[in-house]
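J.: here's a sequence, model it:
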Amino acid sequence: MKPHYPILDGLRGTAAILVVIYHLMEAYFLGVPSLHPMHHGYLAVDFFYLLSGFVVGYAYDDRWGKMRIGDFFKIRLTRLHPLVILGTVIGAIGFWFDPYTNAAPQVGLFRLLLTMVIGFTLLPSPDVRGWGETHSLDGPCWSLLQEYIANLIYALFGRRMTKAILWALVIISGIVLVIVASRRGDVGTGWGYDTFWIAVVRMMFPFFAGLLLFRTGRIIRVPMAYIACSLLMIGLFFLNTNGKFNGLYEAACIIIAFPVIVAMGAGGSVSGWMARVCRFSGAISYPLYITHYPFIYIYTAWVVSKKPPLTQIVPVACGLFVFFILLAWAALKFYDEPVRAWLKKNW
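T.: Predicted structure coming up:
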């Protein structure tokens, strides 16, 4: 029987929670991103990719003798796509009823519905907000598109790659990542049409580095690994590295620190209340990530248009955080799990 990695589930939850906190803070620091306390919060996406590469290798590498490519895609679509549709629907409703932007009359119902339907496919859709986003109804969907591309590459080529070829791919993609990060000064992009190619760069190294990490079996055993890894992630995200070395720092987080964290998580163990925390946070991590951002659009529009004082923003942000956790749990229990169960039975 395969070993389970409960700490990796918990770390996925840690990363999702940090993304939500980053976005809640981002509205206040929108004009001055260099002052954002969680300076590197968007690196959670890159951590997701590395963790995904590890988990995909763990879950599917030994199943290809009795599983076809079509079966693999059915399994992955069943796992990921129901929440893509839910997040897009929430995004469309939120856009139409947003009281602070008044953008709905300019866009019109037909264009909004067309954008939503295209969004269901996860393909880049019309930008209804004017921000240049590839997925303007639910921003995080841009990263899910890259996850699908990574899964496609894995199913067609990655599953057959030898360790030597995989090492070569990881080294080359790592070099490209360093070049892009150092020239830009950060990696916090890829969500727009003008930087779509950087989204591919951000996905390639961490996903296949995670796959390589699983295949090499490198794990690190440390006590209290879940707490240690979570604190390490928090420290990396909050460290202020404004300046000419910021891009290199972020590349180092992805290339060095994140594989170490995943190796520590894979080598650790949990029990009792900590195991329950890992299980819960891991379970809500994906619905939390994919459903919170439509409300961030409205919240950000409120902050920008009304310019409320910090004494009003903080309680609203805290209330939204609690709401996002409850929404993620409800989406998991009353939508995602029943839909996936139906799809597994009927498809």
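
J.: tell me who's in contact with residue 321.
T.: 20-21, 24 (Cβ atoms under 8 Å, 6 or more residues apart in numbering). Bear in mind the C-beta positions are built from the backbone N, C-alpha and C, glycine included.

J.: tell me the spacing between it and residue 276.
T.: Going from residue 321 to residue 276 by Cβ to Cβ, to the nearest Å gives 20 Å.

J.: just checking, which helix or strand of this protein averages the lowest pLDDT?
T.: In the chain, the helix or strand scored least confidently by mean pLDDT, DSSP states H and E is helix 104-107, which has a mean of 92.

J.: is residue 101 in a helix, a strand, or coil?
T.: coil (DSSP: H, G, I helix; E, B strand; the rest coil).

J.: do you know how far the closest residue to it other than its chain neighbours is from residue 30?
T.: Once flanking residues are discounted, residue 101 sits nearest to residue 301: 4.9 Å by Cβ to Cβ, 6 or more residues apart in numbering. According to Cβ to Cβ, residue 301 and residue 30 sit 11 Å apart.

J.: quick one: the most centrally placed residue in the chain from residue 116, how far?
T.: For the chain, residue 45 is the residue whose C-alpha lies nearest the centre (Cα atoms, centre = their mean; 4.1 Å). Distance, residue 45 to residue 116, by Cβ to Cβ: 23 Å.

J.: is it correct that the residue nearest to residue 101 is in contact with residue 103?
T.: No. Using Cβ atoms under 8 Å, residue 301 is not in contact with residue 103; the gap is 9.1 Å.

J.: looks to me like residue 227 is in a strand.
T.: No. Residue 227: not assigned to a strand; according to three-state DSSP it is helix.

J.: where's the closest residue to it other than its chain neighbours, which helix or strand?
T.: Of all residues not flanking residue 227 in the chain, residue 274 sits nearest, at 7.8 Å (Cβ to Cβ, 6+ apart). Remark: residue 274 resides in helix 272-291, with elements defined by DSSP states H and E.

J.: and that helix, average pLDDT?
T.: Rounded to a whole number, the mean pLDDT of helix 272-291 is 97.

J.: going by contacts, tell me the helices and strands next to the helix or strand that comes right after it.
T.: The helix or strand immediately downstream of helix 272-291 is helix 293-306, counting by DSSP H and E. When contacts are defined as 3 or more Cβ pairs under 8 Å, 6 or more residues apart in numbering; DSSP states H and E, helix 293-306 packs onto helix 6-26, helix 69-97, helix 310-331.

J.: returning to that earlier point: which phi and psi does the residue nearest to the centre of the chain have?
T.: phi -60, psi -50 (degrees, to the nearest 10).

J.: circling back to that earlier point, tell me how far the residue nearest to residue 227 lies from residue 7.
T.: From residue 274 to residue 7 the distance is 9 Å (Cβ to Cβ).

J.: ok, now residue 34?
T.: The value you get for residue 34 to residue 7, if Cβ to Cβ is used, is 33 Å.

J.: higher neighbour count, these two?
T.: residue 7 (28 against 10; other Cβ atoms under 10 Å).

J.: surely the more buried one touches residue 265?
T.: Yes. Look at residue 7 against residue 265 with Cβ under 8 Å: they come within range, at 4.2 Å.

J.: what is in contact with those two at once?
T.: Common neighbours of residue 7 and residue 265 (Cβ under 8 Å, 6+ apart) are 225-226, 229.

J.: wait, which of those residues is closest to residue 123?
T.: Set against residue 123, the nearest of the shared contacts of residue 7 and residue 265 by Cβ to Cβ is residue 229 (34.5 Å).

J.: isn't residue 289 up against residue 16?
T.: Yes. Assessed by Cβ under 8 Å, residue 289 is found in contact with residue 16 at 4.7 Å.

J.: does residue 54 touch residue 214 like I think?
T.: Yes. Counting by Cβ under 8 Å, residue 214 is a contact partner of residue 54 at 4.7 Å.

J.: between the two, which is the more surrounded one?
T.: Legend: neighbour count by other Cβ under 10 Å for residue 54 and residue 214, higher for residue 54 (26 against 22).

J.: tell me the contacts of that one?
T.: Per Cβ under 8 Å, 6+ apart, neighbours of residue 54: 8, 210-211, 213-214, 262, 266.

J.: adding pLDDT, write those out as TSV.
T.: Formatted as TSV, the contacts of residue 54 follow (pLDDT from 0 to 100):
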residue	pLDDT
8	98
210	98
211	98
213	98
214	97
262	98
266	96
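
J.: out of the residues you listed, who has the most neighbours?
T.: Most surrounded of those: other Cβ under 10 Å gives residue 262, at 29 neighbours.

J.: show me what the helix or strand hosting it is packed up against.
T.: For residue 262, the host element (DSSP H and E) is helix 258-267. When contacts are defined as 3+ Cβ pairs under 8 Å, 6+ apart, helix 258-267 packs onto helix 6-26, helix 43-60, helix 196-216, helix 225-238.
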